[in-house]
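Asks: my questions concern the predicted model and sequence given below.
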Amino acid sequence: MTFGDRMREYRDHRGWSLGDLARATHYSRGHLSNVENGRKTPTEELVQRMQASDTTSRTLEMLHATVEELCCQYNRRDALELRREAHGWLQHVVDLLHRPTGLKAHQELLVAGGWLALLAGCVEYDLGLRSAAEATRIAAVQLGLDGLREGRQSRVHLLMVARELDQELRSRYAGEGMVRDFGEALRAV
């Protein structure tokens, strides 16, 4: 895949025109078109501007507000709808984690993803989707473990929440054998 192909994919992923990309990178639309079509070679500066994180502090604030609102809706919203939205936001977080971010932004994305996975796991258990819930809970633990490995500050908070969820689910679904791996992963921390 050429740089021009990646640049087009970058724009398409965001729904941007060449004009939008020109405003974001401070390059002319004509120059970007030439680079995208292989008529010009990208400069080092353009590559760096393309790799700059678009996970701004405003994006993170809005994400945290959305996660908090979804968690507050747990007891009064249709479970299937809440599950669908939580998974949609979780996919958005995963997409953001695959882009270049600063350490602080990466930390906040891990925390938001952990909360979303915990919420989705609880909803899935309530819906009787035990296997899906188990997979989602394991994803939540993995996010917490990733945070631990990277030395993130909020790892303790996320793991405390995960442990509380583990205890709640063990008491709620005792004897069903669905939570043993999750608990073992937590105890390994």
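Replies: Yes, it's here. Numbering: from 1, shown residues only.
Asks: show me where this structure has its helices.
Replies: 3-14, 18-25, 29-36, 44-51, 57-72, 79-97, 103-126, 130-149, 155-172, 180-187 (DSSP state H).
Asks: how about the ones you listed in CSV, adding mean neighbour count and mean pLDDT?
Replies: Every C-beta, even on glycine, is put in place using the N, C-alpha and C of the backbone. Shown next, in CSV, are the helices of the chain (neighbours: other C-beta atoms under 10 Å; pLDDT from 0 to 100):
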stretch, mean neighbour count, mean pLDDT
helix 3-14, 14, 82
helix 18-25, 16, 83
helix 29-36, 17, 94
helix 44-51, 13, 79
helix 57-72, 14, 88
helix 79-97, 17, 90
helix 103-126, 23, 85
helix 130-149, 20, 77
helix 155-172, 17, 59
helix 180-187, 14, 42
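Asks: got the phi and psi for residue 73?
Replies: Main-chain torsions, residue 73, degrees, to the nearest 10: phi -90, psi 0.
Asks: in contact with it, which residues?
Replies: Residues in contact with residue 73 (C-beta atoms under 8 Å, 6 or more residues apart in numbering) are residue 82.
Asks: and it, how far from residue 97?
Replies: Noted for residue 73: a distance of 24 Å to residue 97, by C-beta to C-beta, to the nearest Å.
Asks: ok, now residue 42?
Replies: 25 Å.
Asks: now do residue 64
Replies: 15 Å.
Asks: again, but for residue 113
Replies: Between residue 113 and residue 97 the computed distance is 7 Å (C-beta to C-beta).
Asks: swap in residue 3?
Replies: If you go by C-beta to C-beta, the gap between residue 3 and residue 97 works out to 23 Å.
Asks: same check on residue 57?
Replies: 17 Å.
Asks: check contacts around residue 70.
Replies: Listed by C-beta under 8 Å, 6+ apart, the contact set of residue 70 reads 82, 85, 86, 89, 116, 119.
Asks: quick one: which of those residues is nearest residue 29?
Replies: Using C-beta to C-beta, residue 89 is the member of those that sits closest to residue 29, with 32.5 Å.
Asks: test my guess that the closest one contacts residue 66.
Replies: Yes - Residue 89 is within contact range of residue 66, at 6.3 Å (criterion: C-beta atoms under 8 Å).
Asks: before we move on, the earlier item: which of the contacts of residue 70 lies closest to residue 21?
Replies: Once C-beta to C-beta is applied, the member of the contacts of residue 70 that ends up nearest residue 21 is residue 89, at 25.4 Å.
Asks: distance of that closest one from residue 55?
Replies: Residue 89 is 14 Å from residue 55, by C-beta to C-beta.
Asks: likewise residue 7?
Replies: Residue 7 is 19 Å from residue 55, by C-beta to C-beta.
Asks: quick one, domains of this protein?
Replies: 3-51, 57-187 (automatic domain parsing).
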